[in-house]
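> sequence and predicted structure, then a few things I'm wondering about:
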Amino acid sequence: MRIVVDRDKCTGLGMCEAEAPDLFEVQDDGSLTVLNDRPGSDDLEAAEAAVMACPTEALTLVED
């Protein structure tokens, strides 16, 4: 699985970071940094929660 961010939709609200702080970090300028775009099985549940929590639907998980 791979995390994909639609940068046009992302507004930097930080809901993803709240759900999965090991995977996402919102910078001071509001931009999103994906710390690990290929979460392992240990982080998959957190990644799914982050995708569901995104109010702008900027995040998706895609199969490789």
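Alright, I've got the coordinates.
> from here on, just use CA atoms for contacts and neighbour counts.
Will do.
> can you map out the strands along the protein?
2-5, 24-26, 32-34, 59-62 (DSSP state E).
> reformat the ones you listed as JSON lines; add distance to Asp42 and mean neighbour count.
Output for these, formatted as JSON lines (distance: least, CA to CA, whole Å; neighbours: other CA atoms under 10 Å):
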{"stretch": "strand 2-5", "distance to Asp42": "14", "mean neighbour count": "17"}
{"stretch": "strand 24-26", "distance to Asp42": "15", "mean neighbour count": "20"}
{"stretch": "strand 32-34", "distance to Asp42": "16", "mean neighbour count": "18"}
{"stretch": "strand 59-62", "distance to Asp42": "15", "mean neighbour count": "16"}
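> out of those, which comes closest to Gly40?
Gly40 lies closest to strand 2-5 among the strands of the chain, at 9.6 Å (CA to CA).
> so how far is that closest one from its chain's centroid?
With CA atoms, centre = their mean, to the nearest Å as the basis, strand 2-5 stands 7 Å off its chain's centre.
> for the record, mean pLDDT for that strand?
Strand 2-5 carries an average pLDDT of 98.
> would you convert the strands of the chain into a markdown table that also reports distance to Leu44?
Listed next are the strands of the chain as a markdown table, based on distance: least, CA to CA, whole Å:
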| stretch | distance to Leu44 |
| --- | --- |
| strand 2-5 | 10 |
| strand 24-26 | 13 |
| strand 32-34 | 14 |
| strand 59-62 | 10 |
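> select, out of these, the one closest to Leu13.
When the strands of the chain are compared by CA to CA, strand 24-26 sits nearest Leu13, at 7.9 Å.
> what's next to the longest helix anywhere in the chain, contact-wise?
For the chain, the helix that runs over the most residues, judged by DSSP state H, is helix 44-53. For helix 44-53, contacts defined as CA atoms under 8 Å, 6 or more residues apart in numbering pick out 3, 15-20, 23, 39, 57-61.
> now do 6 Å
Met15, Cys16, Glu19, Ala20, Leu59, Thr60 (CA atoms under 6 Å, 6 or more residues apart in numbering).
> centre of the chain versus it, how much separation?
For helix 44-53, the distance to the chain centre is 7 Å (CA atoms, centre = their mean).
> buried ones in that helix?
In terms of neighbour count (16 or more other CA atoms under 10 Å), helix 44-53 has its buried residues at Leu44, Ala46, Ala47, Glu48, Ala50, Val51, Met52, Ala53.
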